[in-house]
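J.: below are the sequence and a predicted model; questions follow.
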Amino acid sequence: MPLDSITRRGAMIAGSAGLVFACSGHPESAAEIAPQTPVWRAGPSLPFAVQEIYPALHQGKIHLAGGFVSDGETISGATDRHVVLDPLQGTWMDAAPLPVARHHPNLISFQDRLLAIGGFEVRSEAAVWVMQAGMWAFDGDEWSEAPTLPQPNGETVLGVLNGALHTCGGRNPNGDANASWNDHSDIADHFVLTGLGGAWETAAALPTARNSATAATIGSNWHVVGGRTVAGGNTPVHEVFDVNEDRWRTAAPMPQGQGGLAAAQVGGKLYAFGGEFFDNGGGVYPEAWAYDPTRDAWDAIPDMPHPRHGLGAVAVDNEIYVIGGALEVGGNKTSDLVEIFTPST
């Protein structure tokens, strides 16, 4: 991404609230600078560096389990570690570890349980991306088996709509092989679970198959934004599932395609952060964005203080905790950073 594009964006956020800004190099989309003064501040650092995570808020506390951990510079494998942050106390504490170490397990609070869904296990140096279909439920003391997905599930998005759990997109094994990243391809599959005592059912497929997207629920609408495809790279696509109408529609695309990003909803808006790109030598996106569904429009918000990918974003009241991830593209410079973003009110 051209440096002058980032510089202009930062200057306009600082001094030109309310003006229309078109991202340089991305003429197909634009972002409006909102008249707001949101704030970043440092949060309580994680007790270890970790990336490729999907933390979640459960019973008032932030839970993080699994992910890729680092030996200092590069990732060294998956972890089973499970840590919990009470935002009121500001201290991370260890909780019961996952039954098996996984990276990319997707966490969500559902029916009084914390769920860890799918992800990948590391079996050997040649089998780092062994995609899983299993799901575990945490009751506050220990993890137990929960309804298995219809198929292996990785780099997907989750949401709870009208009391039902939804998962869609991600990647799935092409055939019998299930060991490396290249064994998998993008999918649009959409599954729904109405209760932990039941089984997953098939729902309307995501219109655009992709992985490493992010999502947030606003009212009865489930917004799936960004991500990437194996063949085409990062995408700005933004699609919305209306649970009341049981159908998808297309919404305003992100101002630029960002894969490996994170998002959360505060005040009826979706906030998206970070991600990575692999072209032109690769890098990590500093840009962050806010989507307003009442205008079907994206606004630029202040850049991340420390740009990262493979991170998590969790809303607590009117703040968003932006957690972990890596400071460089791929497996380099895994971070223990936690930064808190407060949107304007």
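T.: Nice, I can see it. Note that the structure is a prediction, hence the values are computed from the model and not measured.
J.: show me the contacts for the residue nearest to residue 104 when sequence neighbours are not counted.
T.: Sequence neighbours aside, residue 119 is the residue nearest to residue 104 in space, at 4.2 Å (criterion: CB to CB, 6 or more residues apart in numbering). All C-beta atoms are positioned from the backbone trio N, CA, C, and that covers glycine. If you count contacts by CB atoms under 8 Å, 6 or more residues apart in numbering, residue 119 has them with 66, 102-106, 131-132, 153-154.
J.: from the centroid of this structure, which residue is nearest?
T.: The centre of the chain sits closest to residue 262, judged by CA atoms, centre = their mean, with a distance of 3.4 Å.
J.: any idea what the nearest residue to it once chain neighbours are set aside is bridged to?
T.: Counting by CB to CB, 6+ apart, residue 262 lies nearest to residue 313, which is 3.8 Å off, once chain neighbours are set aside. Residue 313 has these beta-bridge partners by DSSP bridges: residue 322.
J.: now residue 131
T.: Bridge pairing for residue 131 - DSSP bridges - gives residue 120.
J.: coming back round to it: and for the residue nearest to residue 262, the neighbour number?
T.: By other CB atoms under 10 Å, 24 other residues sit near residue 313.
J.: and it, how far is that from residue 143?
T.: Using CB to CB, to the nearest Å, residue 313 is found at 24 Å from residue 143.
J.: just the helices from the stretch 151-300 of the chain, written as ranges.
T.: Per DSSP state H, counting those that start in this stretch, the stretch 151-300 of the chain carries no helices over any range.
J.: any weak-confidence spans in it?
T.: Judged against pLDDT under 70, the stretch 151-300 of the chain has no low-scoring part.
J.: wait, doesn't residue 39 sit right on residue 320?
T.: No - look at residue 39 against residue 320 with CB atoms under 8 Å: they stay out of range, at 11.2 Å.
J.: can you list residues touching both of these two?
T.: 341-342.
J.: and the two? Which one has more around it.
T.: Higher neighbour count among residue 39 and residue 320: residue 320, with 25 against 11, using other CB under 10 Å.
J.: phi first, then psi, for that one.
T.: Backbone torsions of residue 320, given as degrees, to the nearest 10, read phi -120, psi 120.
J.: that one touches residue 266, doesn't it?
T.: Yes - using CB under 8 Å, residue 320 makes contact with residue 266 at a distance of 6.1 Å.
J.: intersection of neighbour lists for these two?
T.: Joint contacts of residue 320 and residue 266 (CB under 8 Å, 6+ apart) are residue 343.
J.: what about the closest residue to residue 292 other than its chain neighbours, neighbour count?
T.: Among residues not flanking residue 292 along the chain, residue 269 sits closest, at 5.4 Å (CB to CB, 6+ apart). Neighbour count of residue 269, defined by other CB under 10 Å: 19.
J.: begin at 114 from here
T.: Okay, residue one is now 114; in that scheme the one you just asked about reads as residue 382.
J.: what sits against residue 382?
T.: 331, 403-406, 456.
J.: switch the cut-off to 7 Å
T.: 403-405 (CB atoms under 7 Å, 6 or more residues apart in numbering).
J.: select from those the one having the most neighbours.
T.: For these, neighbours tallied by other CB under 10 Å; top is residue 404, 25 neighbours.
J.: leaving out chain neighbours, which residue sits closest to it?
T.: residue 383 (4.3 Å).
J.: related to what we said a few turns ago, name the residues linked to the residue nearest to the centre of the chain by a beta bridge.
T.: The residues that residue 375 bridges to, once DSSP bridges is applied, are residue 386.
J.: OK, contacts around it?
T.: So residue 375 contacts 327, 386-387, 424-426, 435 (CB under 7 Å, 6+ apart).
J.: distance check, it against residue 294.
T.: Following CB to CB, the distance that separates residue 375 from residue 294 is 20 Å.
J.: just residue 439 next, same as before
T.: 16 Å.
J.: and the two? which has more neighbours close in?
T.: With neighbours defined as other CB under 10 Å, residue 439 and residue 294 compare such that residue 439 has more, 28 against 13.
J.: need the contact list for that one.
T.: 164, 421-423, 445-448.
J.: at 10 Å instead, please
T.: Shown in contact with residue 439 (CB atoms under 10 Å, 6 or more residues apart in numbering): 162-165, 181, 183, 187-188, 373, 387, 389, 397, 420-424, 445-448.
J.: got a PyMOL select line for the buried ones in these?
T.: What follows is the PyMOL syntax selecting those of the contacts of residue 439 that are buried according to 16 or more other CB atoms under 10 Å:
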select buried, resi 162+163+164+165+181+183+188+373+387+389+397+420+421+422+423+424+446+447+448
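J.: just the contacts of residue 439: which are in helices?
T.: When DSSP state H is applied, the contacts of residue 439 are split such that none fall in helices.
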